[in-house]
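[1] Give me coordinates for this.
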Amino acid sequence: MLVTARKSKVAWRRVLLVALLVGFGASGFSTNASAKDLARDFPDEAQELAERYAPIIMLKAQEAACDRDGEPYAPTAADIVLDNSDVLLRQVGEGNPVVMRGPGADDLAGLGEGFFLDFPGNSLEPGCIYERDFQRYAGGRAVTVYAHLVQQEDRPDQLALQYWFYWYYNDWNNKHESDWEGIQLLFDASSIGEALETEPTSIGYAQHEGGERADWRSSKSERDGTHPVVYSSAGSHASYFGSSVYMGRSASEGFGCDSTDGPSNRHASEVVVLPDEVDDPQDPFAWLSYEGRWGERQKGAFNGPTGPLAKERWLEPITWHDALRSSSVVIPAGDSVGDQVIGTFCGSVEWGSSQLITLTTSPVRLLIVAFVLSVLARWLIRRTKWGLVADRPLAMRRRAGQIIRLAYWRYRSSWRVLVRFGVVYIPALFLAGLLGGLMTLVPLLGDLLELSGERSGTRLMFALSAGCLTAFVAAYAVHAMVAEHLRSTSVEPDDHEPDAVRRTWERRAPLASTGIRAYGIVIVLMISIIGIPWGVRQLVRYQFSAQVVVLESLDGTRALQRSSDLVRGRWWHTALMIAIFNALPLATSFIVGLLLLLAVAGLPLWLFSTVMALVYAVLVPLTATAQTMLYGDAVAELQESRRFEVTPATAGV
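    The predicted structure follows:
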């Protein structure tokens, strides 16, 4: 009865509205109608043009069902959610009451913003429900796109051919039910007939609230004959010109990272041509006049989207096209600090979105976690002492907070010298990225990496052996120079940068011998997968090997054994402190990088990576200073436990 009464009321409203429009000389059901409807006036030509340029859709392959790294959805007809008994039509209000189940196109026709569709599942916690339902509703159907031909009233000499893609679910940072995306082609033509005799001049791909354009004949615009190739970003469904990972830092670009990199599945599309407007509720496309939401009602970016007719570009395609960007920010491959920061940016945005969802769905749980973490941090801070203590002798018992404060004081008083030690990190970081790129150019090695996939042990092995090697060598050199500098200044208060560099260079053979052994043992354990726990154990036990070589004149196996002895009985303390020390340059460079990404949208990535390398190089000596102080604390503790006098080898310490 509720449904019947509602339909009757809507019908009377439509009759009254049509009568009023006729009385005022109106000629259409929609108030934003265009001067002419090309699809209705020239149906055969419109269909021919739309099929000639029907896009080819590239969808990132899934490794398995419910794999969020791949793309489980495909553009399809909006009919899959119409006359579907699983779909509810709700009206905005207290409790958002259900108006009817399984609404059809005639039921949606003319409904305003106060209505929304509600699919099975929770859009903020999708699980695998939406993917399974999509396969159930659209399984076996061909990829379908909607074409719309329109001329902007103030630009009659140009014709726009739009392709609208309907997606069942948007599984990205802004999760929501339904998604309307698409591309458009521009012709210098005043009619469909003229467009059939020429080719497009430009093409635009929609991306979030903006998009990217290219000349039709541009090398950036990939085509198969007359069919543009569209790389759809997994989850967000933004359209791109190539296979890569793209970074967005604004509403126009999207805030986060879009991935279209392969392997991808290629899909030709079937085309359904849409009119500009619909004034008959019985028309199969009556859903075009629906102004409500095509998905579950949520707050902000998680709200279901409105349909094509509600978008400005529906009747103003040239205005939209002119505002598109000429390029997108591509994240290059490699193992540079810049790439790490960008990766952190992508992960941070995704994590932030996840926390926002948690705040919406389970605010109490999020508050409890935040409270526990704050109590834990407060306990850790108050558990230690932070007073400034003497820096001589180096072998002296110090609490964690005292080491951190003393390291900062030493760095601040000698930063001009210490920063010069960190300069060796700059070429090392760029060399790491260069090695990562060169690996893909070696014929057999490049093929092996391509076949191995992104998460395989093969890629892990090469990443560790190439990217980490250069970073390890640089870190080892910085730690050795800083240790020598602190040993020298513990005797003579003046800076001895030239002596520190020279003496470290003189110890290059034992440093190399010790470093190669340590690196080799850890890498072999790590890439064996089963030996990862032992690899982590040894990684911490070897943390003082550079200091032992420089300050105790040991090398090779003896140096590694000495470092292990210093860590024994305080492994967790050492691991935690080393993690804190290394977090400082990483966190600082990441924060600076994130601020740069947000503040300077046009910053070239090579310049971005350079800035990150400089920030990291400036702060690494501070980490080395703190770690050398931690070494001194370990030496003092071991001396106390063994009750022996300082040996000549450690007299300078």
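
[2] Please enumerate the helices of the stretch 501-650 of the chain.
    Applying DSSP state H, counting those that start in this stretch to the stretch 501-650 of the chain gives helices spanning 508-527, 532-541, 545-552, 556-567, 571-599, 605-642.

[3] for the first one, which positions count as buried?
    The one in question is helix 508-527. Residues of helix 508-527 classed as buried by neighbour count (16 or more other CB atoms under 10 Å): 510-511, 514-515, 517-519, 521-523, 525-527. From N, CA and C alone the C-beta is placed, and that goes for glycine too.

[4] and if you look at the longest one?
    Within helix 605-642, the residues scored as buried using 16+ other CB under 10 Å are 605, 608-639.

[5] Same check on the fifth one?
    By 16+ other CB under 10 Å, the buried positions in helix 571-599 come out as 573-575, 577-578, 580-581, 584-586, 589-590, 592-594, 596-597.

[6] where's that helix relative to the chain centroid, distance-wise?
    With CA atoms, centre = their mean, to the nearest Å as the basis, helix 571-599 stands 19 Å off its chain's centre.

[7] cool, and the longest one?
    Distance, stretch centre to chain centre, for helix 605-642: 29 Å (CA atoms, centre = their mean).

[8] and what of the third one?
    Here the centre of mass of C-alpha atoms in helix 545-552, compared against the chain's by CA atoms, centre = their mean, lies 41 Å away.

[9] Return the list of helices and strands in contact with that helix.
    helix 468-491, helix 508-527, helix 556-567, helix 605-642 (3 or more CB pairs under 8 Å, 6 or more residues apart in numbering; DSSP states H and E).

[10] Which among those helices is found nearest to D322?
    helix 605-642 (26.7 Å; CB to CB).

[11] ok and that closest one relative to helix 468-491, angle-wise?
    Orientation check (axes from the mean of the first three to the mean of the last three CA atoms, to 10 degrees): helix 605-642 against helix 468-491 gives 50 degrees.

[12] Without its sequence neighbours, what residue ends up closest to the residue nearest the centre of the chain?
    A centroid search over the chain (CA atoms, centre = their mean) returns C346, at 2.6 Å, as the residue closest to the centre. Spatially, and ignoring its direct neighbours in sequence, C346 is nearest to C257 (3.6 Å; CB to CB, 6 or more residues apart in numbering).

[13] a strand runs through that neighbour, doesn't it?
    Yes - C257 forms part of a strand when assessed by DSSP: H, G, I helix; E, B strand; the rest coil.

[14] thought it was touching Y246?
    Yes - the pair C257 / Y246 is scored as a contact, 6.7 Å apart, by CB atoms under 8 Å.

[15] circling back to that earlier point, closest one of the buried residues of helix 508-527 to L185?
    I527 (49.5 Å).

[16] quick one: I56 from N265, how far?
    According to CB to CB, to the nearest Å, I56 stands 11 Å off from N265.

[17] okay, these two: which has more neighbours?
    Legend: neighbour count by other CB atoms under 10 Å for I56 and N265, higher for I56 (18 against 14).

[18] List the beta-bridge partners for that one.
    V229, A268 (DSSP bridges).

[19] What residues does it make contact with?
    I56 sits next to D224, H227, P228, V229, V230, R266, H267, A268, S269 when contact means CB atoms under 8 Å, 6 or more residues apart in numbering.

[20] Tell me the most packed of those, by neighbour count.
    Going by other CB under 10 Å, V230 tops these with 27 neighbours.

[21] Give me the pLDDT for that residue.
    Among the per-residue scores, V230 shows a pLDDT of 97.

[22] and the helix or strand hosting A195, how far out from the chain's middle?
    Using DSSP states H and E, the element containing A195 is helix 192-196. With CA atoms, centre = their mean as the basis, helix 192-196 stands 41 Å off its chain's centre.

[23] Buried by neighbour count: which residues of it qualify?
    I192, A195.

[24] got the contact list for that helix?
    The contact list for helix 192-196 (CB under 8 Å, 6+ apart) reads L38, F42, E45, A46, E48, L49, R52, L149, L159, L161, F187, A189.

[25] Just to check, the first one is in contact with A147?
    No - using CB under 8 Å, L38 is not in contact with A147; the gap is 10.5 Å.

[26] got any residues that touch both of the two?
    By CB under 8 Å, 6+ apart, L38 and A147 have these common neighbours: A46.

[27] quick one, what contacts N84?
    Contacts of N84 were listed using CB under 8 Å, 6+ apart, and they are G102, Y137.

[28] For it, grab phi and psi.
    Main-chain torsions, N84, degrees, to the nearest 10: phi -110, psi 110.

[29] what does P281 give?
    phi -60, psi -20.

[30] tell me the SS of D83?
    D83 ends up coil, using three-state DSSP.

[31] what ranges do the helices span in the stretch 101-250 of the chain?
    105-108, 129-138, 192-196.

[32] quick one: which of the ones you listed is nearest R503?
    Judged by CB to CB, the one of those that comes nearest to R503 is helix 129-138, at 62.3 Å.

[33] Return the alpha-carbon coordinates of the closest one using PDB.
    C-alpha atoms of helix 129-138 as PDB (Å, rounded to 0.1, in the frame of the first residue of the first chain):
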ATOM      1  CA  ILE A 129      30.300  -9.100  -0.400                       C
ATOM      2  CA  TYR A 130      30.300  -6.500  -3.200                       C
ATOM      3  CA  GLU A 131      32.600  -8.500  -5.400                       C
ATOM      4  CA  ARG A 132      30.600 -11.700  -5.100                       C
ATOM      5  CA  ASP A 133      27.300  -9.800  -5.700                       C
ATOM      6  CA  PHE A 134      28.800  -8.100  -8.700                       C
ATOM      7  CA  GLN A 135      29.800 -11.500 -10.100                       C
ATOM      8  CA  ARG A 136      26.300 -12.800  -9.400                       C
ATOM      9  CA  TYR A 137      24.500  -9.800 -11.000                       C
ATOM     10  CA  ALA A 138      26.800  -9.100 -14.000                       C
END
